[in-house]
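**Student:** Predicted coordinates and the sequence they were generated for:
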Amino acid sequence: MAQYHIEYQGQLRTKITHQGNGQSIITDAPVDNHGKGEFFSPTDLMASSLGSCILTIMGIHANMLGVDLKGSNATVEKIMQDSPRKIQKIRVNIHLPLIDKKLQERLEKVALECPVHHSFHTETGQEIVFHWGGL
């Protein structure tokens, strides 16, 4: 079980500390919601976590298959809804080296088993596109 300590620092900013390793990150409210937007917003963390989780899960399985995915990357676009304010859709483009088609299919399947992917509400749209040989 992971635990985090979150401290409100004023001016719509928080400091999140991972209780296991002591690492910290700062969040700000976004500019379009009264914040400074100098750091990731909480919804930025949610959206970017999807891309990070997909790459991590693919990396775990690629390592087991003896495939090197180093240099793979993702671009994530978060689309907000105004009322109620929430993430409406997340677009993720995953760029990976060209590998055998059978392995591509296998890695795409495990990518969609990412726990973050399954943790979003079903109303939150997710568009995930894999670009093989797109590095």
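**Tutor:** In hand now; what should we look at?
**Student:** what ranges do the strands span in this structure?
**Tutor:** Remark: strands assigned in the chain by DSSP state E are 4-10, 13-18, 24-28, 73-81, 86-96, 125-132.
**Student:** Columns distance to residue 58 on top of those, output as CSV?
**Tutor:** All C-beta spots, glycine's among them, are computed from the backbone N, C-alpha and C. As requested, these are exported to CSV (distance: least, C-beta to C-beta, whole Å):
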stretch, distance to residue 58
strand 4-10, 26
strand 13-18, 23
strand 24-28, 24
strand 73-81, 10
strand 86-96, 8
strand 125-132, 9
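**Student:** I'd like to know how far the most centrally placed residue in the chain sits from residue 78.
**Tutor:** Nearest to the geometric centre of the chain sits residue 49, at 2.1 Å (C-alpha atoms, centre = their mean). Relative to residue 78, residue 49 is positioned 11 Å away (C-beta to C-beta, to the nearest Å).
**Student:** ok, now residue 37?
**Tutor:** The span separating residue 37 from residue 78 equals 13 Å under the rule C-beta to C-beta.
**Student:** quick check: domain ranges of the protein?
**Tutor:** What automatic domain parsing lists as the domains of the chain is 4-33, 42-132.
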